[in-house]
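In: return a 3D structure for these sequence lines:
(2 chains)
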Amino acid sequence: MDVSQYLEIFIDETKEHLQSLNEQLLIIEKEPENTDTINEIFRAAHSLKGMAGTMGYKRMQKLTHQMENVFSEIRNGKMKIDAGMVDVLFQCLDALEEYLDNIQSSADEGTNDNEPILNQLEAILKGEVPATGAAESENIVKEKNDSANSESMGADLTFADFERHAVEDAFEKKMNVYIIKVEVEESCLLKAARAFLVFKSLENVGEIIKSEPSAQDIEDEKFEQTFKICLVTESEMDKVLGIVKNVSEIKDAVGQKIESIEEIGGNKPVEEPVVENKEEKNENTKQKGKKEAGKPEEKGAVKQKNAGKPVVNRSVRVDIEKLDVLMNLVSELIIAKNGLISTSSQNESKSSQSFNEQIEYLERVTTNLHESVMKVRMMPIETVTNKFPRMIRDLTKKLDKKMELYMSGEDTELDRTVIDEIGDPLMHLLRNSADHGLESAEVRAQRGKPEIGTIRLDAYQDGNNVVIEVSDDGNGIDVEGVKNSAISKGTITEEQAESMTDKEIIDLLFKPSFSTAKKVTDISGRGVGLDVVKTKIESLGGDIEVKTQLGEGSTFIIRLPLTLAIIQALMVELGDEKYAISLGSIQTIEDIPVEDVKYVQTKEVIHLRGSVIPLIRLDSVLDIEPKGHPDSLTVVIVKKGDKLAGLVVDRLLGQQEIVIKSLGKYISNSSKIISGATILGNGDVALIIDVNTLI
Amino acid sequence: MDTAVNQTNVNIDNQEGTGITNQYIVVLLGSEFYGIDISNVDNIVRMQNITRVPKSQDYFNGVINLRGEIVSVMSLRKKFKLEDDEFTDKTRIIILKPDHQEPIGVIVDVVEEVVTLEEDLIEKMSSDNRNDKAKYLLGVGKDGERLISLLNIPAVISDDEK
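Out: Numbering: from 1, shown residues only, chains lettered A, B, ... in the order given. Purely as a prediction, here's the structure:
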């Protein structure tokens, strides 16, 4: 059997476990006594070990194994967590991530043994545990190795009544009843097949009454390294075990003779190797737990167990390409539906009421279908942001600055394609804030700021956009500094600098020429790679702007489109051309008498409910012949963040669901006013106006 | 005449894999004949409503809806700086799809026919010949009495303003 088919699942799940380990470690660093978290960590480490072993990644397995040992000591209260230990554990996670990267790129874990980390873990294990404990921990290591999933022998086998009867019958007939624990080799790939062979050969010498997990589960490979069989036979124990061990790839088989019916269903577990494997037990253990009252030291563990596994989401992993196909089909459907609507409105004489009703029905269904498909593609931004707390922690140590990251709106959802791309730019901005934005503790003290710097990452939805803000309470951008260095670099001339607004100067930071200039970074405190950030965000159809106050901090605001494919839009007419404006950015629609238009600095504005709103004549922006001089203007009030603008249009055509299509690479769209095109019901093409570029 | 364009859409077998095709679609711009290597051609459609795209290059007429896809359409006349197009019922849009890139449409006055030109009937463009139009041409083919300017499609669809 080839494990490569599981590789993807392995990578995904390992990522999840590593992420959870990272998060839990951060918690544990702050609350060393949090037992839930310790349990959670232990579970994740244990699963990691199991998975790495199954996939045959020995180095990874070794490292996780050692890590697990440390956690198990902590869990048993034999060790206390301290800062040094957390550091080592974080190093451990990094090393595991490295393995994972290697596996991802080449399906091989690489050759780095990470000896230093292993040694450190060893030292932790030895150093903290008293002399007797050292031996004990050694012991645990050993025992755990062969009991990765083992429990006591017979006790937790739950016998149904008829099974009990079978056992009783066997006793009457003076036959032997054995419970046999079989352990399959870790490298074994066809565990189910091996188990089947064991069953088969045992059936030759006796009768299998019961197995744990059930025969069905074993057949489906729903077990780890071990399973148990209750066998009724006339043969001797040694012979039976011999038969089992004869099956290849069976590592070990241990038998226990059941002497009386009381032993099964077990009020007295025969051997109890390690306490910490408790969670691995399945539901059957509960029963056992109850009957185990006699073993006092067990109690604690049983109680802890109920802290339980997190509820697993019922989900299916789907290739994003398949979703794309689905999305395209939905798009086609919507275009077809729009076609139907426009035909029905054209020949009104023909269209009966029921026809219209059916169309409305179709419209409802397609809209819902579209929403569902979109939702499937959406992921919470959390999947990206959850690695940031760890990053900030590391930066705190590296930069020797005290800072705290606050995040909000991690549940804001974005399209999967955007999620995949947005991580790097965000990381970049956070690093910038930590490195260049925040001042050192002394400077902060002088300025009367709290010693610990604040970095915030806030995400929220705003109409059809998702806004992500990265802000800090650091130094802010030194506009003069940027200006001077831009002049000295020759990016702008002194005359140009004179006439530039602060905003234009700050925008210089996003120019590629600034990115590599170390000097600028020193003076301005900003700059490395901001152009890359901007390019990336623009390629996702978004934009970025900066707000800054010297000495008080700066805020980078990223605005991303919520959906990339289908939107609700207002159709407007300009001259004889039709344009679509995304409904998400529209605030209101107003009829403004021409005489209400005022001028501020030779620009047209209107007064509306207490605010002054600049007017944008779309016809002149889009090079359309103006249509006469009407008495009143139809103004579509649009917003971007807290800025408003009024777009003057000739006529409103109504709301429509539109499918966004790209204009393609040939036709130049340098002004970026047009964000795409859509196909109308009658087959014509209408262009979509990107309001964000106009404001 | 125009046997190849009696239907609205003419799908042409690109004969991929056979290597060089020396078949050309002969089109008319004004009074001159131009040849387009058939392997670049995806489709020929009748003139239809073109949506203007503001602020685009001036030789682009805009975009059309080609069976659900948005395809940009340029005017060869404008690109070659000839007189402006006059749309008639013979005007066609040739959809080019060179090397499986995005499709692009070019407007021509008339689509005449498909001809096969042997290598020795094609006179390569000499490099010193550099009037404005020359960079768009591969050579000149002789088809009987007719001279056909063979278009260098990658050059034609590349953006001059970049």
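
In: poorly predicted segments of chain B, please.
Out: Counting by pLDDT under 70, the ranges of chain B that qualify are B:1-21, B:126-133, B:160-162.

In: what's around residue 32, how many residues?
Out: This is for chain A. 16 (other Cβ atoms under 10 Å in any protein chain shown). Where you see a C-beta, it was placed from the backbone N, CA and C, and this is true even at glycine.

In: should've been chain B
Out: By other Cβ under 10 Å, neighbour count at residue B:32 equals 14.

In: that one touches residue B:146, doesn't it?
Out: No - with contacts counted by Cβ atoms under 8 Å, residue B:32 stays clear of residue B:146, the gap being 10.2 Å.

In: would you confirm that residue A:163 contacts residue A:208?
Out: No - under the criterion of Cβ under 8 Å, residue A:163 makes no contact with residue A:208, lying 10.6 Å away.

In: which neighbours do these two share?
Out: Residues touching both residue A:163 and residue A:208 by Cβ atoms under 8 Å, 6 or more residues apart in numbering or on different chains: residue A:230.

In: which residue does the stretch 451-600 of chain A have closest to chain B?
Out: Nearest residue of the stretch 451-600 of chain A to chain B, counting by Cβ to the nearest Cβ: residue A:577, 6.7 Å away.

In: so what does that residue have for phi and psi?
Out: The phi/psi pair for residue A:577 (degrees, to the nearest 10) reads phi -100, psi 150.

In: for it, list each beta-bridge partner.
Out: residue A:574 (DSSP bridges).

In: where do the strands sit along chain B?
Out: Here chain B has its strands, by DSSP state E, at B:23-29, B:32-37, B:41-46, B:60-66, B:69-75, B:92-96, B:104-108, B:110-116, B:122-124, B:137-143, B:146-151.

In: select, out of those, the one closest to residue A:85.
Out: Closest of the strands of chain B to residue A:85 is strand B:69-75, at 59.3 Å (criterion: Cβ to Cβ).

In: next, the buried residues of that closest one.
Out: Residues of strand B:69-75 classed as buried: B:70, B:71, B:72, B:73, B:74, B:75 (neighbour count, 16 or more other Cβ atoms under 10 Å in any protein chain shown).

In: could you pick out the residues of chain B near chain A for me?
Out: B:49, B:51-57, B:60, B:62-65, B:68-72, B:74, B:102, B:104, B:157, B:159, B:161 (Cβ under 8 Å from any Cβ of the partner chain).

In: try it again with 6 Å
Out: Within chain B, the residues that sit near chain A (Cβ under 6 Å from any Cβ of the partner chain) are B:49, B:51, B:53-57, B:60, B:63, B:65, B:70, B:72, B:102, B:104.

In: in the stretch 551-695 of chain A, which spans are strands?
Out: Remark: strands assigned in the stretch 551-695 of chain A by DSSP state E, counting those that start in this stretch are A:553-561, A:566-574, A:577-582, A:586-593, A:598-600, A:603-608, A:611-617, A:632-640, A:643-649, A:651-659, A:674-679, A:685-689.

In: let's have those in TSV, adding distance to residue A:330, mean pLDDT and mean neighbour count.
Out: What follows is the strands of the stretch 551-695 of chain A, written out as TSV (distance: least, Cβ to Cβ, whole Å; pLDDT from 0 to 100; neighbours: other Cβ atoms under 10 Å in any protein chain shown):
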stretch	distance to residue A:330	mean pLDDT	mean neighbour count
strand A:553-561	17	88	22
strand A:566-574	7	88	21
strand A:577-582	18	92	22
strand A:586-593	24	91	15
strand A:598-600	46	88	10
strand A:603-608	38	90	16
strand A:611-617	33	91	16
strand A:632-640	27	90	20
strand A:643-649	29	91	21
strand A:651-659	9	88	16
strand A:674-679	14	87	23
strand A:685-689	18	92	24
